[in-house]
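# Need a 3D model of the following:
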Amino acid sequence: MLDLLMGASWLILGGYSIWFFAKAKALQLLTLSDLALTWKLHKQETGCKASRIHSLLTKDNDVVGFKCECGYKFLQKRQVTQKIHKCPQTSIVPSISNALQNLGLHYSYIKEV
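Down below sits the predicted model:
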């Protein structure tokens, strides 16, 4: 009976380890240029007719994704085991209008933050 219990626990640990290293994901910061590029790609690939982004999805005052007016939701994710990419700009809220205009994505394109 003890052998069966130990075998089952090792099997569960192995399955969890495989899931953790292959499938587990965490949110990654989205830079302003990535935001503009991803939204433009979404509009081109899906033929989206939305005129602006409905809302920015944030975590701890950092942008991790967006929600389009058509209902499309994008979250920037990375695998847990991958290295975290440092963004030169960690917070989007204070300087959003100037930076977005430089990228061709005007502040009026975003409905709410």
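# List the buried residues of the longest helix along the chain.
Ordering each helix of the chain by length in residues (DSSP state H) puts helix 2-22 first. For helix 2-22, burial by neighbour count (16 or more other Cβ atoms under 10 Å) applies to no residue. Yep, even glycine has a C-beta here, placed from its N, CA and C like the rest.
# let's have the chain start at 26 instead
Got it, first residue is 26 now, which makes that one helix 27-47.
# Would you mind listing the outside residues contacting the following helix or strand past it?
The helix or strand immediately downstream of helix 27-47 is strand 50-52, counting by DSSP states H and E. Around strand 50-52, the neighbours that count as contacts under Cβ atoms under 8 Å, 6 or more residues apart in numbering are 84, 89-90, 100-105.
# Closest to Ser76 out of the residues you listed?
Gly90 (19.1 Å; Cβ to Cβ).
# and the closest one, helix, strand or coil?
Recorded secondary structure, Gly90: strand (DSSP: H, G, I helix; E, B strand; the rest coil).
# so what's it up against?
The contact partners of Gly90, taken as Cβ under 8 Å, 6+ apart, are 52, 55, 81-82, 98-101.
# Point me to the residue sitting closest to the centre of this structure.
Taking Cα atoms, centre = their mean as the criterion, Gln101 is the residue nearest the geometric centre of the chain, at 1.7 Å.
# Dihedrals phi and psi, that residue?
Per-residue torsions, Gln101: phi -80, psi 120 (degrees, to the nearest 10).
# on that earlier part again, go ahead and measure how far the longest helix of the chain is from the middle of the chain.
Relative to the centre of its chain, helix 27-47 is centred 30 Å away, using Cα atoms, centre = their mean, to the nearest Å.
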